[in-house]
Structure formats: C-alpha cells, structure tokens
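Engineer: need a 3D model of the sequence below.
(2 chains)
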Amino acid sequence: MSEALELDRRDVIRASLIGGATLLFSAKVAIAETPGAKPVMLNAHVRINADNSFIIGAQNPECGQGIKTMLPMLIMEELDVDWAQCHIEQTLSDGKIYTGQIAGGSFATPNHFLPMRRIGAAARQMLVKAAATRMGVPEDQLTTGSGKVTHAATKRSLTYAQLAPDAAKVPAPDLATVPLKDRAQYKHIGKSRVGVDTPAIVAGKPLYGIDVTLPGMVYAAVEACPAYGGTIASFDEAAVKKEPGVLAVIPINSSYDPKGGNDAVAIVATSWWLANKARAVLKPVWNDAEARQNSTAGFAANAATLFGQAPQADILRKGDADKALAGAAKSVTARYEYPFIGHANLEPQNCTALFKDGKIEFWAPSQAPERGRALVSEMLGIPPEAIKINMMRIGGGFGRRLMVDYMAIVAQIAKAMPGRPVKMIFTRTDDMRHEFFRPGGWHSLSAGLDKDGKLIALKDHFVSFGADGKPVQAAGMGAGEFPGPLLADVNYGVSYMKTNVPTGFLRAPTSNAMAFVFQSFLDEIALAAGVDLPEFMRRTLGEPRLIPAVQGQYGEFHTGRALNVINKVCEIAGWKGREGGNGKGRGFGFYYSHRGYFAEVVDITVSSGGAVHVDKVWVAGDVGNQIINPINAVHQVQGSVIDGIGQALSGQSVSFVNGAANRTNFHDYPLPRITNAPSDVVVEWVMSDNPPTGLGEPALPPVIPAIANAIFAATGKRLRSLPVVPANLA
Amino acid sequence: MATELTINGQARKVDTDPQKPLLWVLREDLNMPGTKFGCGMALCGACTVHIDGQATRSCITPVSAAAGKKITTIEHVATTPVGKKVSDAWTELDVPQCGYCQAGQIMSATALLNSKPKPSDAEIDAAMNGNICRCATYVRIRAAIKQAAGIKEGTAA
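Structural biologist: Numbers count the residues shown, from 1 in each chain, chains lettered A, B, ... in the order given. A predicted model of the protein is given here:
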C-alpha cells in the first residue's frame, strides 16, 4: 500500500513551506547505486529507485475525480520523467507532511497546480545540481529528460538513480522561485491519461475501503437510532450474543458529537453477514421523543409561516428593491422549492481500524481523512500522533465522505476489540438514513422590468434551516448569487427554521439548488421581457468586466467569461431561440460555481404520461487556460451532467417521518440508469487566460434549470419544484 | 455445512450457512472482494456474477443455490474471449470514474455479448439497465460495449 512512501520522521527535515504545500526532504536515507538498493526519497512525493524508475506519491483522496492520476502528472512534468518510468502510489494521510489532502470544493486543481509542479521542479533541480558537481560543468549546460541529466557538449549522461545519493544531500531549493517549464515544453500536462487504477478496477482488484482484508479481522454492523438526536434506552444484548458468530455487542456514539450520548449499538461478529443478521434480535428501544418531532410536513408548515413574515435577516441588500419594484413596468413573482436529497454513494459507508497499545490505524475511504484524525482524537482521547491513516480508493464521494462519522464509529468499536482489526460496513438502508443530506429550501421571488425589458429590481425571501441567525451546514445562500451583485436595487433575505436532520455538502453544494431556482426564474423574467434566456443573460451581464469580490460577501465574477460560454454553447447546439412543442423542448442554463463558468443546452422529450427524457446535452465550460488531463476532464463533465439529470428527473427526494428518513434503497431513492442517459453529452472548452480550476462540480448545476426550462418550452408548464413528477406533466 | 462450488474453473469448498448470499461467501469466505456489495436487494447490479453463463445478482443468491454450477467472477472474466474484449474496451475508453460499480457492469456487458454478439442500442440499454453507475459513466459504457462488439459508432447494429 503506502509503505514505499511512508516517511521515517527522524530522517525528515522541514525544508520550506510555500503556496500551501509543505515539501519535506529526507536527507539521511541510506542509498547505493546498485540494483536492489533501497530507493532514495528525494522528498515526500518522489522516490527514485535503483533501476531509475520512480515512485510518485499521489497525496489526495481518490473518489473518481481522477486526482490520483492528475497530481502525479504535475510532479512528473517538472521532474522531467516519462510516464512509463513511474509508479504512482497513494501516500498516507498526514497533515504534518502534506497539505490539502481533501477531496472537496473542486479545490485540488487550483490549490495544487503550482505546488505539485514546484515539488517536481525542486527534485529536478537537486538532481541537476548533483550532476553539475559530478561532471564539473555549469548547471546551465545541462538538460534533462526521461529521468536523465545530459551534458550535450561532451555527450555525457547520468541517470537520476546514479545522481540520487548526491542529490539527496543538496539543500532544498526555495519553492517560490524554483523555475518551472513554459507551457510549450509540457509533455504530460494536456495529454490524456487513462486513470492510474483503471486496469486494476477492470480486473476486480481490491482497491476500496470495503475490500480491506487483514489477518484476524472481525466485522461490525451498526444499528443506530433512526430519529436524529435520539439515544439508546435499552437493547437485548443476551439475545444478540446467542446468535452465531457474534463476538461482542458494543454501545457507541455515532452522532458526530464527542459529547453526545450513545445512540447506536455495534454488533461484532466473525462475518459481516452474521453481524448484520444478528440485528434482527437486538430489539433496541430509543429515547427519541424530541427527535421524532422533525417531519417533512412540519418543515413545510414552518416555511408557510415564515413566508408570512418579513425575512429574519439580509443576505444582500443594495438600493431599494421595494421602491424599484413599485415603479417597474412589468413584474414577475414565483415561489420555488426543492427537497432534501442524499448522496447514495454506491460503496456504502465503511471503515476498517485496528486499535493496539493506545494507537489506532485506519484504512479509510474518506474525502477528508485529516478531519477524521481530529474527530477520532477527540472521541477516543488519544493524541493525533497516535493515529495512522491509510487512504483507500473511494467508491463515490459526492461530499458524503467529507463527513467522517464512519471513522469515529469504527474507532469506538476497535477500541473495544483491542488487537483485532475491525471492518464496519453500513447496509444500504443505514447508508440512506444515516446521511448528511442536501437540505431542502424554499424561495419567494419578485423581479421588476423597466419598459425596455431591463431587469431593474430583484427580491428573494429564502427559507432554509438554521438557528441563531446562522444556517446549518450547506443550508446557506451566498450574497453573490447571480444576478444580485450586478443590480442596483436588490434584496436577498433569509429566514431559518430549526431541524435535527443532519445536513452536509452534496456535489456543487448550494449551487445544485440555487441554479435551479435562479436560472428557472430568470427564464420566466426573460419571457416577460420578450426574449430567450441566453439573450436575457447577455443583456443582464452587459460589457465584459470583472465584478470584484466584496470581502466577507462574495467572490469575483467575470461577465466576459460568462458571455463566452453562453455564446459558445449556443453556437455548438445551434440555439435559435425558444423552441418546443409536441412533446419536444429545448432549454438553456448557465451557472458559475467552484471557479468554473458553465452554460448548457438540453433537448428533451416529454412522453404523453409526463415522463421526461433528456435526449442530448451540449456543454461549454471555462476552467482557465489549461485542461490538465483532457480525457478525464470530459468524463467529469459528462458524469456531472447525468448526475444533475438524476436530481431533476429520477425522483430523488427524501422525506422525514417521525424524525427519520423514509428512504431505504434504490427502489424508493432512484438513481439515473443507462436508459435515463442522453445519447451524448457534447463538451467544448472555452480557454481563458486564467489559472486552471477544478471540474468535480461546476458542470452539474446548470443542467437542472436547463431541463426545467426545456419542460416549459415543451409543455408550457413551469417546473417550480424538484423533482419532476411526471403526473403533473401528463 | 460444507458447500461445493466451482468458481472460475476451480473447485472450492466453503463451510458456511447455506443461506449466506454468494456475494458474502465470495467476499468473506473466499477472499475475492472484486464482486461488490451495493444494495443487498438486486437493485444496483454491483454484485453481478455469471452462474452457468447467466448474469446473476449474487447479493440475493444463497450459496446453496450456486452449488454444483459454474460461477465466473470479475477476477476471472477477462480470461474468456468475450470478457477479454469487454475488459480491454473498458480500459481503453477509461470507463471507470470511482469504479465501484464497474465489476458488475463488465459482468453484465459480457453476458450480453455472449448471448447477443451485435446488440442494438436498445438491447444494450435494456441489458444494462439493472446496473447503476453513481458516477454516471453511461455514455462510455455504451461506447465500450460497442467497441468490444466491433460495432462502429454511429452505425446501426
């Protein structure tokens, strides 16, 4: 696994810290130039083997976004080695050595594009310096390529393996100034690479957290209180212990709150199947009177009440929206809403741990393993240094695995079973109920147009979940929500209701809901203005210019980048204005999120029964001046688009009854299937003079309003609530 | 109770509850975790294996029901001629994203091409509709099946 890149801390000296990336150099590793010798660790990401092959450390969690392939490509680029010479290995999760080991927010590309290259360049520079000394020539007469340093004038070459022992003694260069290649010199960046694990996946090799097998391993299933916030009153321990294979019955706290009471019971057995089967006789009784108060019906009633009152607080207030609305030539009002939805990773939540001698080792499929270290340290009362985390390939992240409840759960079980590795696995129903849901929300919107059809006023009353004036996780709305910052008279207000339901980040968090609301409502406004949405967007965006960030409110937004993707998608889709009828419709959506600008067009068919099928999708995206791994970039966009199609059309909605989620498996929480997929998702990049940014998320949001707008074009019915209910369109 | 199985051409004996699903016998008793647990109710297809050549959801198949039959899993499917073509196409087109469902997808696709060497678009969708891909790699799954079948993109089968 990660042993090749595991560092002996005594041999490590901190060399420099720059740009968010820590680079550590091992200076004392014993090395020799003979085959079979120990590899030389030039830094925490690069090892040079005696046969002049290279082990490149992939430092971020891989959940299907392709980062295990992409970050090493950046290191290889500047190290100046060939793909075939390299073996990529997942590093340990270790916040003292590596920075930013997290899969979230589409941050990895913008945060690591330069640091990873600098790490490769620093290692290369150390090798060149060693070669200059060895050959007795100036550095600037040396060139590199394919893992060799060459002095052309004297036709001499030394391999990196031959130079590694000397290079390891060269002082680490300053990462801020280490020279990087020009774009024209790229050999890896911009070249499509099949995922490094693809052959192993296709061969069925054990890569995932759920596949971990250790000697003497035992298995755990967990019965947790269905209503969030309840605790255990009693359970039939004696009955469970009589079941075959059962080794232990352990009350635990699965609540994410280190001070919380025990709200779950773990059953440990010689097989997971037996552990899970024994739940049938557990007969748990819960203290859940208060927790059972949460319900979807109650949330809807609260929303209706809150809409009858003034917003509790402002998110954005500029000018006088009420006055502008009163003076408008035309006005448009509408209410929109969307439900709680889950992540439904195909690999159910799981984690393996071994607790021994006051230390714990994890095999964790986590998007945020260092958050797990912090939570487990607090839960178990052990120092962070006593925790070792192996990062396993993740069978789907989508934000669910930014939460680390499975690490805290298995840690408590493993502590009760010292010396024995424990693998804990959720059933599908556990996974769907013990979630951190994308919260539902409600919007009451008003817009005003002047006599020329120009948008002059916008108001939103957003009803969401929170307390004490703050949203719960992922239930907020940004002040920069388009087109607020471009308007003179605008007011976004918010009201919060309380909830016990755990909420969390779902791929393109907040944006996946806001895009639907605002781009659908803008299509309604555009209609009132007598134009289509792309044209209304052009008018609203105005001249290409940077809308600067306002500290503490919103980030920067470039109207020109938005215009370029809007124009590009209209060009490739052959957009001719509003088109639809006879069950066919075409729709448009734009959204800016996670630093990416995306415009999308969909063609749909609505059957006589009201079922909607997306026939084809066109996407134009701007994520800067460089697509790093083109094949994977297209795949991320296609997957995001069909994910969004699923949110709109496949019936995804979680309701709460007696404080518990009422979804159990894929029959009542459907995901898009191959028959729901469009014939094609055409992707075109708009290159702009900006540093490259991430692709895990920003292509998802615009497809949802594009579908809603296409439904209007096809049927004349305006979709203001997700998901689509076919009976409403029949 | 001992159950005798023929898995990937080899005779294997497991001493386990005859009701234990084949999925968990593979994963726990035989240390073959390539076959994946997704739903436990035959709803997602991640656990698909071949039993006497038929694509079968191992999560709801008691091990006793597989006794005496020929079982093929993802670990072995690429040793069959069609399985090899499917696996190669999957790699060349880089079908997987997270990859968790792909063992089941490859098993379903191989069973399809074993019974219908040149499936139509509709037949591909129908045969693969029981396999969920949460990353939604469906466009490439279709393309990889066509490549493995030697069907040129854009031509009707």
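Engineer: domains in the chain, by residue range?
Structural biologist: By default, I'm working from chain A. Under the assignment automatic domain parsing, the domains of chain A span A:3-202, A:209-289+A:349-425, A:297-340+A:437-729.
Engineer: I was thinking of chain B, sorry if that wasn't clear
Structural biologist: As recorded under automatic domain parsing, the domains making up chain B are B:2-76, B:80-149.
Engineer: in chain B, what residue lies closest to chain A?
Structural biologist: residue B:34 (2.5 Å; CB to the nearest CB). Using the backbone N, CA and C atoms, a C-beta is placed for each residue, glycine as well.
Engineer: and the nearest residue to residue A:254 once chain neighbours are set aside, what does it touch?
Structural biologist: If the residues on either side of it in the chain are set aside, residue A:254 comes closest to residue A:264, at 4.1 Å by CB to CB, 6 or more residues apart in numbering or on different chains. Each residue near residue A:264 by CB atoms under 8 Å, 6 or more residues apart in numbering or on different chains is listed here: A:222-225, A:232, A:251-254, A:409.
Engineer: likewise residue A:531?
Structural biologist: Under the criterion of CB under 8 Å, 6+ apart, the neighbours of residue A:531 are A:453, A:539.
Engineer: thinking again about what came up before, what's around the residue of chain B closest to chain A, how many residues?
Structural biologist: Neighbourhood size, residue B:34 [other CB atoms under 10 Å in any protein chain shown]: 23.
Engineer: count the neighbours of the residue nearest to it when sequence neighbours are not counted for me.
Structural biologist: Closest residue to residue B:34 in three dimensions, ignoring its sequence neighbours and counting by CB to CB, 6+ apart: residue A:204, at 2.5 Å. By the measure other CB under 10 Å, the count of residues near residue A:204 is 24.
Engineer: equivalent analysis for residue A:663, please.
Structural biologist: Close neighbours of residue A:663, defined as other CB under 10 Å, add up to 25.
Engineer: quick one, phi psi at the residue lying closest to it once chain neighbours are set aside?
Structural biologist: In space, not counting the residues next to it along the chain, residue A:663 is nearest to residue A:669; the distance is 4.1 Å by CB to CB, 6+ apart. Dihedral pair for residue A:669: phi -130, psi 80, per degrees, to the nearest 10.
Engineer: where does the stretch 1-150 of chain A dip in pLDDT?
Structural biologist: When residues are selected by pLDDT under 70, those of the stretch 1-150 of chain A lie in A:1-42.
Engineer: quick one, strands of it?
Structural biologist: With DSSP state E, counting those that start in this stretch applied, the stretch 1-150 of chain A shows strands at A:12-18, A:21-26, A:40-43, A:46-48, A:54-58, A:86-90, A:92-93, A:142-145, A:148-151, listed in chain order.
Engineer: what sits up against the last one?
Structural biologist: Spelled out, it's strand A:148-151. A:127-128, A:131, A:135, A:137, A:141-144, A:156-160, A:163.
Engineer: closest one of the residues you listed to residue A:702?
Structural biologist: Nearest to residue A:702 out of these is residue A:144 (CB to CB; 43.1 Å).
Engineer: quick one, what contacts the closest residue to the closest one other than its chain neighbours?
Structural biologist: Once its chain neighbours are removed from consideration, residue A:144 has its nearest residue in residue A:80; the separation is 4.2 Å (CB to CB, 6+ apart). Taking CB under 8 Å, 6+ apart as the definition of contact, the neighbours of residue A:80 are A:120, A:124, A:144-147, A:187.
Engineer: surely residue A:478 and residue A:518 touch.
Structural biologist: No: look at residue A:478 against residue A:518 with CB atoms under 8 Å: they stay out of range, at 11.1 Å.
Engineer: who has more neighbours out of the two?
Structural biologist: Under the criterion of other CB under 10 Å, the comparison of residue A:478 against residue A:518 puts residue A:518 first, with 26 against 18.
Engineer: returning to that earlier point: the domains of chain B into CSV, with extra columns for mean pLDDT?
Structural biologist: As requested, those are exported to CSV (pLDDT from 0 to 100):
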stretch, mean pLDDT
domain B:2-76, 97
domain B:80-149, 98
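Engineer: looking at those, which is buried most?
Structural biologist: domain B:80-149 (a mean of 23; mean count of other CB atoms under 10 Å in any protein chain shown).
Engineer: now do the end-to-end distance for that one.
Structural biologist: Length of domain B:80-149, first residue to last, CA to CA, to the nearest Å: 14 Å.
Engineer: next one: stretch A:429-439
Structural biologist: Across stretch A:429-439, the straight-line distance between its terminal residues is 19 Å, by CA to CA.
Engineer: among the contacts of strand A:148-151, name the buried ones.
Structural biologist: Applying 16 or more other CB atoms under 10 Å in any protein chain shown to these, the neighbour count classes A:127-128, A:131, A:135, A:142, A:144, A:157-160, A:163 as buried.
Engineer: centroid-nearest residue for the chain?
Structural biologist: Unless you meant another one, I'm taking chain A. Nearest residue to the geometric centre of chain A (CA atoms, centre = their mean): residue A:104, 3.8 Å.
Engineer: my bad, the chain I had in mind was chain B
Structural biologist: Chain B has residue B:107 as the residue nearest its centroid, 2.1 Å off, counting by CA atoms, centre = their mean.
Engineer: check the offset of stretch B:83-99 from the chain's centre.
Structural biologist: Offset of stretch B:83-99 from its chain centre (CA atoms, centre = their mean, to the nearest Å): 13 Å.
Engineer: check which helix or strand covers the residue of chain B closest to chain A.
Structural biologist: Of the helices and strands defined by DSSP states H and E, none includes residue B:34.
Engineer: need the contact list for it.
Structural biologist: Going by CB under 8 Å, 6+ apart, the list of residues near residue B:34 reads A:203-206, B:73-75, B:103.
Engineer: tell me where chain B has strands.
Structural biologist: In order along the chain, chain B carries the following strands (DSSP state E): B:2-7, B:10-15, B:48-51, B:54-57, B:70-72.
Engineer: dump these into a markdown table; add distance to chain A as well.
Structural biologist: Converted to a markdown table, the strands of chain B look like this (distance: least, CB to the nearest CB, whole Å):
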| stretch | distance to chain A |
| --- | --- |
| strand B:2-7 | 13 |
| strand B:10-15 | 11 |
| strand B:48-51 | 11 |
| strand B:54-57 | 12 |
| strand B:70-72 | 11 |
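Engineer: which residue does the stretch 1-150 of chain A have closest to chain B?
Structural biologist: Of all residues in the stretch 1-150 of chain A, residue A:64 sits closest to chain B, at 3.1 Å by CB to the nearest CB.
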